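Participant: coordinates only, sequence not included:
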């Protein structure tokens, strides 16, 4: 009789290996999501800070005179860069909020399933916004670097080298943030597909 009792408790105490493996996998996905969302926050913050601090002043000669006047290159002189800063600020704030939610879900699994299902929609929306901001900022930066001889837009990066380095670094970090958003969307689609019964 004693042996029957212990064998029944062993059956109840040890879950089958099939149920333990998906729980472990779900925990890994949640941990990866927290890391990716934190990287999204960090990339948005760094891209905004680098772009906002990209100011350079040069003394350029007036044509036909010996006088030089100060001319500054600042990000807010270009609407594309202003849009870039606004979009990446939103991405950074969104990354911070979703990092906190994801970390809370990592500590307390199973909470707020409706909120996390909405993250997929917001991730896709934000991916479009960040990608368009990166493209528009990159286009203006490319014109500043190479110019356009067909419409007589001169290049400026040979004069404002530090400004162009800041802009280029900010756009590179923004591109990294876009890749992070793509990975988040793929991770969310994968985790949602696992919930569909087969």
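Facilitator: Cool, got the structure. Here the structure is a predicted model, which means the values were calculated and not measured.
Participant: make it CA atoms for all contacts and neighbour counts henceforth
Facilitator: Noted.
Participant: Please list all residues in contact with residue 160.
Facilitator: Residue 160 is in contact with 56, 57, 58, 73, counting by Cα atoms under 8 Å, 6 or more residues apart in numbering.
Participant: Next, give me the two most distant ones among those residues.
Facilitator: Within the contacts of residue 160, two members stand farthest from each other by Cα to Cα: 58 and 73, at 8.4 Å.
Participant: who's more crowded, these two?
Facilitator: residue 73 (18 against 13; other Cα atoms under 10 Å).
Participant: Quick one: the helices in this structure, in order.
Facilitator: Using DSSP state H, the helices found in the chain span residues 2-13, 17-52, 79-107, 113-146, 161-195.
Participant: Now for the residue nearest to residue 175 when sequence neighbours are not counted, how many residues are close by?
Facilitator: Nearest in space to residue 175, with sequence neighbours left out and distances taken as Cα to Cα, 6 or more residues apart in numbering, is residue 134 at 6.5 Å. Neighbour count of residue 134, defined by other Cα under 10 Å: 26.
Participant: Go ahead and confirm residue 134 touches residue 176.
Facilitator: No. Taking Cα atoms under 8 Å as the contact criterion, residue 134 and residue 176 are not neighbours in contact, 10.0 Å apart.
Participant: In contact with the closest residue in space to residue 153 that isn't next to it in sequence, which residues?
Facilitator: With Cα to Cα, 6+ apart as the criterion, residue 153 has its nearest non-adjacent residue at 5.3 Å, and that residue is residue 147. Going by Cα under 8 Å, 6+ apart, residue 147 touches 153, 154, 155, 156.
Participant: Much appreciated, bye for now.
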